[in-house]
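J.: Fold the following.
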Amino acid sequence: EITDEVLSEEKRERARDGVRPVFDYDVLVARNVQARIAAAAREVIAANGGDAILRGLFTQVGSSAGQRGAAGGSGSHLCSVQVFMVPVNERPVTAGGFMRQWRERVGSVPGLESLTFRFSIGPSGGEPIDVELSHTDMGVLEKAAAELAGRLTGYKGVKDIDDGFARGKPQFDLELGPAADSLGLTSVDVGRQVRSAFFGTEALRQQRGRSELRVMVRLPESERQSEHDIDNLVLHTQAGGEIALHEAVRIRRGRSYTEIRRTDGRRVVDVTADIEEGVTTAGKVLAGLQKDALPELAAAWPGLRWSLEGERREQRESMAALGEGYMLALLLIFALLAVPFRSYVQPLIVMTAIPFGIVGAVGGHILMGYDLSVISMMGIVALSGVVVNDSLVLVDAANRQRKLGDSHFDAIAAAGARRFRPIMLTSLTTYFGLAPMIFEQSVQARFLVPMAISLGYGILFTTVIVLALVPALYMIVEDLRALYTPTGAAAAATGTHEGDDAPDLELPGTM
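T.: Residues are numbered from 1 along each chain as shown. Here you go, the predicted structure:
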């Protein structure tokens with residue numbers, strides 16, 4: 001609660017600092033809110049081990065810590081409290097548990113535009129749920145944002161919903177009246193004189209050494225103390241006359257927007273929200289919004305546009321770049337296989353393991369309870385270069401048997417028998433090498449776990465498929481060659497085939 005004593009103390013502090021005794025109400029409110037949140041944080045810290053779990057507590061008024069991956073805002077109406085803790089293995093509470101206790105102790109704070117709690121363990125591209133709305137009419141945009149925020153409240157597990165609009169700081173809006181028009185006063189004249197009276201106008205700029213001194217001229221401090229001084233400010237007309245401000249303009253109380261954002265010349269606003277881990281996912285919520293809420297809003301307000309931003313936008317951009325690199329990698333793999341095999345078909349047989357590796361990676365995420373992420377996709381790209389090893393070993397062994405005079409059936413059967421053990425051992429040792437990371441539970445390592453899952457389970461699943469699929473495809477290709485080409489029929493009879501003159505592939509680590 002802000003009392004007269006608090007205001008008086010604020011005035012005394014500013015007087016001691018040589019600042020004019022005009023207080024900022026928003027600063028006082030922000031300081032009280034900051035003190036309340038910081039006190040709740042200290043209570044939670046004391047209940048979970050005290051200072052032993054704490055590295056530092058940082059509070060600030062006049063700026064916010066910002067959203068994930070974004071810079072914080074600034075303004076006297078903002079405050080933030082940040083708690084830095086020791087590693088999770090040195091404290092009895094997780095970051096999520098600490099945040100929940102902190103939220104409960106703070107409770108509801110009347111008059112706040114928004115109050116958010118979040119923890120960070122690594123880089124992020126923004127809020128899990130971030131829908132950007134744009135429209136030429138600010139009133140329509142505000143109504144649409146409010147309705148979308150209301151729709152988000154209906155989703156279980158969605159928290160810290162923000163419609164993107166802030167009431168802003170209080171201000172006086174001045175509108176010229178008939179008296180000002182009759183005296184020839186314009187809005188520029190009124191604005192300049194009001195600014196000069198209370199903020200000041202530069203009268204002199206003087207150089208002193210390496211510094212520059214500006215002399216500002218404005219009304220005496222005794223005439224800048226109250227709203228009454230604003231009403232009775234005397235304006236000068238171009239003809240030399242005078243008129244009081246309250247007679248020349250209509251003064252209305254209003255609020256100014258704390259932030260104005262535009263994209264392609266259109267006003268935009270972001271409706272954001274966070275999610276509770278284990279209750280729902282951002283993908284499910286956004287899918288529901290795209291199915292119902294967003295099309296209905298666009299139909300209700302013609303001209304309204306929307307796009308998914310925040311983490312979703314970062315994922316789109318990352319996936320686009322990753323997709324281009326992935327296609328280039330596949331082309332390089334094909335080229336590297338086609339040169340030693342001297343064939344355009346056998347590299348395709350080897351590369352059939354890649355899509356099944358992707359299936360195994362997706363299945364591993366489902367089995368382990370993880371969602372696919374950009375890190376998962378990076379693991380799948382790396383997997384594509386690893387899973388071809390098993391099929392490559394098998395096809396190369398079959399080619400060697402063909403050189404010894406075996407038919408294609410006998411060659412692939414012998415290759416499967418000879419290479420079964422090295423293929424299984426290579427795959428199993430790779431999986432068990434990744435297992436410690438796959439089953440790691442520490443918070444610091446969790447963002448790398450999806451990549452390990454993609455590699456580990458993709459290799460396991462592909463190994464089983466390769467042992468059955470590659471021999472079948474090898475036989476199909478040889479049968480088709482023998483059926484449709486005279487040289488192929490002769491090769492089938494003599495035991496030779498396309499690529500017989502290819503050099504043997506010496507693969508390190510194979511048996």
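J.: For the rest of this, base every contact and every neighbour count on C-alpha atoms.
T.: Fine.
J.: Pull the distance from the lengthiest helix in the chain to the chain's centre.
T.: The longest helix of the chain (DSSP state H) is helix 449-484. Relative to its parent chain, helix 449-484 has a centroid offset of 36 Å by CA atoms, centre = their mean, to the nearest Å.
J.: longest strand of this structure?
T.: Selection of the longest strand in the chain by residue count, based on DSSP state E, yields strand 74-85.
J.: packing partners for that strand?
T.: Applying 3 or more CA pairs under 8 Å, 6 or more residues apart in numbering; DSSP states H and E, we find strand 74-85 packed against helix 25-47, strand 54-63.
J.: So which bits of the shortest one are buried?
T.: Neighbour-count burial for strand 54-63 flags L54, T59, V61, G62, S63 (criterion: 16 or more other CA atoms under 10 Å).
J.: Tell me which two in those are the farthest apart.
T.: L54 and G62 (24.4 Å; CA to CA).
J.: Nearest to N389, out of the buried residues of strand 54-63: which one, please.
T.: L54 (48.8 Å).
J.: so that closest one sits right up against P87, yeah?
T.: No: L54 lies out of contact with P87 (CA atoms under 8 Å); the separation is 9.7 Å.
J.: By mean pLDDT, which helix or strand of this protein comes out lowest?
T.: Averaged element by element with mean pLDDT, DSSP states H and E, the chain has its least confident helix or strand at helix 4-16 (a mean of 44).
J.: Name the nearest residue to I412, sequence neighbours excluded.
T.: Spatial nearest neighbour of I412, excluding adjacent residues (CA to CA, 6 or more residues apart in numbering): A398 at 4.9 Å.
J.: Run through the residues that contact the one you found.
T.: H408, A411, I412, A413, A414, A415 (CA atoms under 8 Å, 6 or more residues apart in numbering).
J.: Now do it against G405, distance only.
T.: 11 Å (CA to CA, to the nearest Å).
J.: What helix or strand is M437 located in?
T.: Here M437 sits within helix 408-438, counting by DSSP states H and E.
J.: Buried residues in that helix, which are they?
T.: In helix 408-438, counting by 16+ other CA under 10 Å, buried: 408-409, 411-416, 419-420, 423-424, 426-428, 430-431, 434-435, 437-438.
J.: ok, now stretch 175-190?
T.: So stretch 175-190, judged by 16+ other CA under 10 Å, has buried residues L176, A180, L183, L185, V190.
J.: F461 and G416, how far apart?
T.: 17 Å.
J.: Same question for A95.
T.: 51 Å.
J.: isn't I161 right next to A149, touching?
T.: Yes: taking CA under 8 Å as the definition, I161 is a contact partner of A149 at 6.5 Å.
J.: Which neighbours do the two have in common?
T.: The contact lists of I161 and A149 share V271, where a contact means CA under 8 Å, 6+ apart.
J.: Looking at pLDDT only, which of the contacts of A398 scores worst?
T.: Lowest pLDDT among the contacts of A398: H408, with 81.
J.: isn't it right next to E478, touching?
T.: Yes: using CA under 8 Å, H408 makes contact with E478 at a distance of 7.0 Å.
J.: OK, contacts around the nearest residue to A248 once chain neighbours are set aside?
T.: Spatial nearest neighbour of A248, excluding adjacent residues (CA to CA, 6+ apart): A180 at 4.8 Å. A180 makes contacts with T186, A248, V249, as judged by CA under 8 Å, 6+ apart.
J.: Using a markdown table, lay out the residues you listed together with pLDDT.
T.: Converted to a markdown table, the contacts of A180 look like this (pLDDT from 0 to 100):
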| residue | pLDDT |
| --- | --- |
| T186 | 89 |
| A248 | 87 |
| V249 | 89 |
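J.: Might one say that L78 is in contact with T59?
T.: No: between L78 and T59 there is no contact under CA under 8 Å: 11.1 Å.
J.: helices or strands up against the longest helix of the chain?
T.: helix 346-351, helix 353-368, helix 374-386, helix 388-403, helix 408-438, helix 486-494.
J.: can you pull the contacts of V249?
T.: So V249 contacts L174, E175, L176, G177, A179, A180 (CA under 8 Å, 6+ apart).
J.: quick one: the strands in the stretch 151-300 of the chain?
T.: 158-162, 169-176, 201-208, 211-217, 234-236, 242-244, 249-256, 261-263, 266-275 (DSSP state E, counting those that start in this stretch).
J.: of all those strands, which lies closest to S454?
T.: It's strand 266-275; of the strands of the stretch 151-300 of the chain, that one is closest to S454 (CA to CA) at 24.7 Å.
J.: ok, L245 to E227 distance?
T.: 12 Å.
J.: if you count what's nearby, which of those two comes out ahead?
T.: L245 (22 against 10; other CA atoms under 10 Å).
J.: Let me know the pLDDT of the more buried one.
T.: 88.
J.: does it really touch H236, like I thought?
T.: No: look at L245 against H236 with CA under 8 Å: they stay out of range, at 9.8 Å.
J.: can you list the weak-confidence ranges in the chain?
T.: 1-26, 63-75, 120-126, 167-168, 258, 442-445, 485-511 (pLDDT under 70).
J.: burial count for H365?
T.: H365: 19 neighbours (other CA under 10 Å).
J.: Pull the contacting residues for it.
T.: By CA under 8 Å, 6+ apart, the residues touching H365 are D371, L372, P450, I453, S454.
J.: where does the first one land in three-state SS?
T.: Think D371. Following DSSP: H, G, I helix; E, B strand; the rest coil, D371 is assigned to coil.
J.: which non-adjacent residue is nearest it?
T.: Nearest residue to D371, sequence neighbours excluded (CA to CA, 6+ apart): H365, at 6.4 Å.
J.: do the third one as well
T.: Once flanking residues are discounted, P450 sits nearest to S376: 4.9 Å by CA to CA, 6+ apart.
J.: Check the second one too.
T.: Counting by CA to CA, 6+ apart, H365 is the residue found nearest to L372 once chain neighbours are left out, at 6.9 Å.
J.: I'd like the distance from that neighbour to T463, if you could.
T.: Counting by CA to CA, the gap from H365 to T463 is 18 Å.
J.: same question, V106
T.: Applying CA to CA to V106 and T463 gives a distance of 54 Å.
J.: so of the buried residues of stretch 175-190, which ones are in helices?
T.: A180, V190.
J.: Just put the buried residues of stretch 175-190 in CSV and tack on distance to K284.
T.: Formatted as CSV, those follow (distance: CA to CA, whole Å):
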residue, distance to K284
L176, 52
A180, 58
L183, 63
L185, 58
V190, 54
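J.: from the buried residues of stretch 175-190, which is closest to P302?
T.: Once CA to CA is applied, the member of the buried residues of stretch 175-190 that ends up nearest P302 is L176, at 33.9 Å.
J.: Go ahead and confirm the closest one touches A248.
T.: Yes: using CA under 8 Å, L176 is in contact with A248, at 6.3 Å.
J.: With respect to P220, which of the buried residues of strand 54-63 is nearest?
T.: G62 (28.1 Å).
J.: Run a quick neighbour tally on the nearest residue to that closest one once chain neighbours are set aside.
T.: Nearest residue to G62, sequence neighbours excluded (CA to CA, 6+ apart): S76, at 4.3 Å. Residues lying near S76 (other CA under 10 Å) number 17.
J.: S76 contacts V27, correct?
T.: Yes: in this structure S76 lies within contact range of V27 using CA under 8 Å: 5.2 Å.
J.: Quickly list what's touching both of those two.
T.: By CA under 8 Å, 6+ apart, the residues touching both S76 and V27 are V61, G62.
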